[in-house]
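In: test case, fold it:
(one chain, ligands or ions: 1)
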Amino acid sequence: MELDVTGVPERVSTGALPGWDDVESLLHGAYERSAAATDGVVADYIPILAAVDPDLFGICVAEVDGGVHAVGDAVHEFSIQSISKAFTYALVCQEIGHEVVGVRIGVNNTGLAFNSVVALELNDGHPMNPMVNAGAIATTALVPGVTPTAKWEFVQDGLSRFAGRRLTLDVTVYESEAATNLRNRGIAQLLESYGRLDVDPLDAVDVYTKQCSLRVNTRDLAIMGATLADGGVNPVTGERVVDESICRDTLSVLAATGFYERSGEWLFEIGVPGKSGVSGGIVTIAPGKAGLATFSPRLDSAGNSVRGQRATAYLSRTLGLNVFASGPHPPRESRSA
Ligand SMILES: NC(=O)CC[C@H](N)C(=O)O
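Out: Purely as a prediction, here's the structure:
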């Protein structure tokens, strides 16, 4: 993936974002630079996704103090798709505890595509991590609620609290995916055959499919990301959604698995946890600083938005977000007493 960041000066993190005006101009810079990229293809294995305008492009940054910056098609709505996995995972960890989820779902990368059946077979039916479809379906199966309806309401309510507004189901996307998701149904039945699901597999897939069909825009995603960046408190509504320790756990899993088989490349180039979805969204979380969201429907071969990756790479460098970047500390003798 050509990220077009050669020569972009890297800001070494100071623990805070640059000032408001600087963030605004860097956001516009990221948009201008990345809008030129027209490579990649729109997902079409969910038929309705192929109908999107491929040129849509929006970016939004939500700071942990509640300030929001936006450029382009930032409020254009699209289905959240796999980005939902990160937030459902956080909610389930909050409910049933990090150890249980860590063991049952796992935290290791499969190195394979998000909808791989081979990954399951290679690992004795263990879903491996919550960001691939197998692990996400297994995570949704653990959502509290006796009936599928109760589980769905829990997910919709929880993701809405992350966003700070009521998120609604995109019925057209849901129906299109529900009519064609044979592979996900197969994955769920395989999980069941290995004794890894305690609920009806088709019910679990149905709740998962609804979860992926929630309608969001980049502003919602940026605020959802900012909630994970802000120790679990939504910086716009002030509501605590999950505990601080849940944010830490979720972000570490995202760092390892958020971009499937490309997670290592993402971390190497961009250095912040994030999550992509096949409709073209990406959310990135800079702990203690901000949530970033991009939307552009053309994807690379792993299902990650091409422009979104470029724009995020530029913003990570210029805003000083890379969690692995440091500058030398002043020598001990020169520190003031
Ligand atoms: N990578 C994605 O966004 C995939 C989500 C999609 N709902 C699926 O299950 O295939």
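
In: which bits of the stretch 151-300 of the chain sit near the ligand?
Out: 177, 184, 212, 277-278 (Cβ under 6 Å from any ligand atom). C-beta: built from backbone N, CA, C; applies to glycine.

In: ok, then the element right after the strand or helix carrying residue 248?
Out: Secondary structure assignment for residue 248, by DSSP states H and E: helix 244-257. The C-terminal neighbour of helix 244-257 among helices and strands, as given by DSSP H and E, is helix 263-269.

In: tell me the mean pLDDT for that following helix?
Out: Averaged across helix 263-269, pLDDT comes to 95.

In: then stretch 35-51?
Out: 96.

In: next, count neighbours for the residue of the stretch 1-150 of the chain found nearest the ligand.
Out: Nearest residue of the stretch 1-150 of the chain to the ligand: residue 82, at 3.0 Å (Cβ to the nearest ligand atom). As a burial measure, residue 82 scores 24 neighbours (other Cβ atoms under 10 Å).

In: correct me if wrong: it contacts residue 211.
Out: No: in this structure, residue 82 is not within contact of residue 211 by Cβ atoms under 8 Å, at 9.8 Å.

In: reformat the residues of the stretch 151-300 of the chain next to the ligand as CSV; add secondary structure and pLDDT.
Out: Compiled in CSV, these are given as follows (DSSP: H, G, I helix; E, B strand; the rest coil; pLDDT from 0 to 100):
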residue, secondary structure, pLDDT
177, helix, 98
184, helix, 98
212, helix, 98
277, coil, 97
278, coil, 97
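
In: let's have these in CSV, adding neighbour count.
Out: Listed next are these as CSV, based on neighbours: other Cβ atoms under 10 Å:
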residue, neighbour count
177, 24
184, 24
212, 28
277, 28
278, 23
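
In: what's the most distant pair in those?
Out: 184 and 277 (14.5 Å; Cβ to Cβ).

In: so residue 272 sits against residue 283, correct?
Out: No: using Cβ under 8 Å, residue 272 is not in contact with residue 283, being 10.4 Å away.

In: between those two, point out the one with more neighbours.
Out: residue 283 (32 against 27).

In: other residues contacting the host helix or strand of that one?
Out: Taking DSSP H and E as the criterion, residue 283 maps to strand 281-286. Strand 281-286 is contacted from outside by 17, 78, 80-81, 83, 86, 216, 218, 221-222, 224-226, 228-229, 251, 254, 270, 272-276, 291-295, 304-305, 308-309, 312, 316, 319, 321, 323, using Cβ atoms under 8 Å, 6 or more residues apart in numbering.

In: among those, which lie within strands?
Out: The members of these that map onto strands under DSSP state E are 78, 216, 274-276, 291-295.

In: part of a helix, is residue 66?
Out: No: applying DSSP: H, G, I helix; E, B strand; the rest coil, one finds residue 66 to be coil, outside a helix.

In: which residue packs closest to it, ignoring adjacent ones?
Out: residue 235 (4.4 Å; Cβ to Cβ, 6 or more residues apart in numbering).

In: my read: the one you found touches residue 68, true?
Out: No: using Cβ under 8 Å, residue 235 is not in contact with residue 68, being 9.2 Å away.

In: between the two, tell me which one has more neighbours.
Out: Neighbour count, other Cβ under 10 Å: between residue 235 and residue 68, residue 235 has more, with 22 against 17.

In: what secondary structure does that one sit in?
Out: Under three-state DSSP, residue 235 comes out as coil.

In: offset the numbering so it begins at 137, please.
Out: New numbering, starting at 137: the last item is residue 371.

In: ok, it - contacts?
Out: 198-202, 359, 362-363.

In: distance of it relative to residue 226?
Out: 16 Å (Cβ to Cβ, to the nearest Å).

In: returning to what we had before: closest to residue 183 among the residues of the stretch 287-436 of the chain next to the ligand?
Out: residue 313 (8.6 Å).

In: can you tell me how far the closest one is from residue 423?
Out: Taking Cβ to Cβ, one finds residue 313 at 32 Å from residue 423.

In: likewise residue 456?
Out: 13 Å.

In: same question for residue 444.
Out: Distance from residue 444 to residue 423, by Cβ to Cβ: 20 Å.

In: compare these two (neighbour count), which wins?
Out: Taking neighbours as other Cβ under 10 Å, residue 444 and residue 423 compare with residue 444 leading, 33 against 17.

In: wait, that one sits on residue 411?
Out: No: with contact defined as Cβ under 8 Å, residue 444 and residue 411 do not form a contacting pair (11.0 Å).

In: lowest-scoring secondary structure element of the chain by mean pLDDT?
Out: helix 234-240 (a mean of 88; mean pLDDT, DSSP states H and E).

In: mind giving me the domain split of this protein?
Out: Domain segmentation of the chain under automatic domain parsing yields 156-216+352-455, 219-348.
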